[in-house]
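Participant: Structure for this input, please:
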Amino acid sequence: QDPIYNAVPEAARERMIATFDYDATRPDWALGFRFDIVLRGASATPFEEA
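Facilitator: Predicted coordinates for the structure are as follows:
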């Protein structure tokens, strides 16, 4: 139901999802996630064109 996620081509959606990172998690404070943002190339993270 996320309109931004659904606006991105299906092949690129997997690159928009962060993965849970147990080592970065702080108990009773915050869950940790790992983002892998690629700026250029075939695996570039989708961005809105300005």
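Participant: quick one: contacts for P9?
Facilitator: P46 (CB atoms under 8 Å, 6 or more residues apart in numbering). Bear in mind the C-beta positions are built from the backbone N, C-alpha and C, glycine included.
Participant: how much space is there between it and W29?
Facilitator: 36 Å (CB to CB, to the nearest Å).
Participant: so where is this protein shaky, pLDDT-wise?
Facilitator: Residues of the chain that meet the criterion pLDDT under 70 lie in 48, 50.
Participant: ok, which stretches of it are helices?
Facilitator: 3-7 (DSSP state H).
Participant: Residue most distant from the centroid, it?
Facilitator: In the chain, counting by CA atoms, centre = their mean, D28 sits farthest out from the average C-alpha position, at 23.7 Å.
Participant: distance of that one from F47?
Facilitator: As for D28, its distance to F47 is 34 Å (criterion: CB to CB).
Participant: One more: R40?
Facilitator: Counting by CB to CB, the gap from R40 to F47 is 11 Å.
Participant: again with P27
Facilitator: Distance from P27 to F47, by CB to CB: 34 Å.
Participant: More neighbours: which of these two?
Facilitator: Taking neighbours as other CB atoms under 10 Å, P27 and F47 compare with F47 leading, 9 against 6.
Participant: List the contacts of the nearest residue to A12 once chain neighbours are set aside.
Facilitator: Take A12 and drop its neighbours on the chain: the residue closest to it by CB to CB, 6 or more residues apart in numbering is P46, 4.8 Å away. P46 sits next to 8-9, 12, 15-16 when contact means CB under 8 Å, 6+ apart.
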